[in-house]
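>>> sequence unknown, structure follows:
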């Protein structure tokens, strides 16, 4: 249904299982996909007289959705942007880009998915009349589903591709800041119209869809505004410069004293002046419970933490922060210069929106 900017959602995406590759792009399955699959199977086998035909139709829809996401990935590759993974959910899929596309790239990448569905639906309907009755009926149903899916995805509202098409087009026309403000407003308007239409015709499922679109517009709007207000600024503008560290030989008891005395959530671990690890809050709590207070933090610290350059673009650095820990270390010539967290960047963005002195460079 959509393609998303990077959030380190490759093979390590939380809650996903299994992996196959299509055209070199990893395909992962969220655990809810298997839950939905089990519920559908139970419904088909329990109350559907023509279960085989229904099962084939559902397989055809799954393939259509997967190819929709693959179309995003292939166009992104053509424009020099990799895809870390395609993640499949019960109601659709998400192609996660290796980096945030520029507006012109985002426009073409977004168009690719619905364009595939509309082309595939038209081709299936044209072919259906030339097939045997059973195969022709399956082709007709699949073709109509693809046309509906493609048209619905062109609505100018997140999380549909039409929302990204609209945002990219406005960004090219009026600039990214205008786009970041206009796209969420249009999305909320579309969600309200969908909800009113759904209530009028008594379609509860569409009411749920409208509600989800309305909520997604806030998330998309906040992310877009954050990207605009951090683009072109260095990481050093928003990083935390007052923080505590622990030596490599510290224990969980030592870290507990820091956690109790400060509001710091992630603790860098140093060997001399060299950073050798990062102890995240969750790892600290788990290690404390599992190993005890006198165990060394090296047993639970993250040795593959995110390293950021203080001169790097802040918007790019924000995309690099892991979704599960929200923290990266800023290293200047190998020495620890600061800590960057999503919470700190969000506060930085809020101050810039309010025009507070000191929130700019």
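Received, thanks. Only a predicted model underlies this, so the values are computations on that prediction, with no experimental measurement involved.

>>> ok, residue 116 - contacts?
67, 68, 71, 150 (C-beta atoms under 8 Å, 6 or more residues apart in numbering). For glycine as for every other residue, the C-beta is placed from the backbone atoms N, C-alpha and C.

>>> Using neighbour counts, pick out the buried residues of the strand or helix carrying it.
Using DSSP states H and E, the element containing residue 116 is helix 103-128. Residues of helix 103-128 classed as buried by neighbour count (16 or more other C-beta atoms under 10 Å): 103, 105-118, 120-121, 124-125, 128.

>>> rewinding a little: neighbour-wise, which one of the contacts of residue 116 leads?
residue 68 (28 neighbours; other C-beta atoms under 10 Å).

>>> Please verify my assumption that it contacts residue 115.
No - at 9.5 Å, residue 68 does not count as touching residue 115 under the criterion of C-beta atoms under 8 Å.

>>> now the helices for the stretch 51-200 of the chain?
51-78, 103-128, 133-153, 161-174, 176-201 (DSSP state H, counting those that start in this stretch).

>>> so the second one versus helix 51-78, what angle?
By that I understand helix 103-128. Here helix 103-128 points in a direction 150 degrees away from that of helix 51-78 (axes from the mean of the first three to the mean of the last three C-alpha atoms, to 10 degrees).

>>> next one: helix 103-128 to chain centre, how far?
Averaged C-alpha coordinates place helix 103-128 at 22 Å from its chain's average position (C-alpha atoms, centre = their mean, to the nearest Å).

>>> list the contacts for the nearest residue to residue 211 once chain neighbours are set aside?
Nearest residue to residue 211 in three dimensions, chain neighbours excluded: residue 195, at 7.0 Å (C-beta to C-beta, 6 or more residues apart in numbering). Residues counted as contacts of residue 195 (C-beta under 8 Å, 6+ apart) are 206, 207, 210, 211, 214.

>>> Can you go through these and name the buried ones?
So, of these, 207, 210, 214 end up buried under the neighbour-count rule (16+ other C-beta under 10 Å).

>>> Show only the entries of these found in helices.
Among the buried ones among the contacts of residue 195, the members found in helices (DSSP state H) are 207, 210, 214.

>>> Any stretches of the chain with poor pLDDT?
1-19, 34-51, 91, 322-325, 356-361 (pLDDT under 70).

>>> and residue 340, that one's in a helix?
No - applying DSSP: H, G, I helix; E, B strand; the rest coil, one finds residue 340 to be strand, outside a helix.

>>> what's near enough to touch it?
235, 238, 239, 240, 308, 317, 321, 327, 328, 329, 330.

>>> swap in residue 20?
26, 27.

>>> Also residue 243?
Counted by C-beta under 8 Å, 6+ apart, residue 243 has contacts 264, 268, 338, 339.

>>> And the furthest pair within the residues you listed?
Farthest apart among the contacts of residue 243 by C-beta to C-beta are 264 and 338. That separation is 12.4 Å.

>>> Okay, buried residues for stretch 245-259 please.
Residues 246, 250, 251, 252, 254, 255, 258, 259 are the ones in stretch 245-259 that count as buried (16+ other C-beta under 10 Å).

>>> Likewise for stretch 209-225?
For stretch 209-225, a neighbour-count test (16+ other C-beta under 10 Å) marks 209, 210, 213, 214, 216, 217, 220, 221, 223, 224, 225 as buried.
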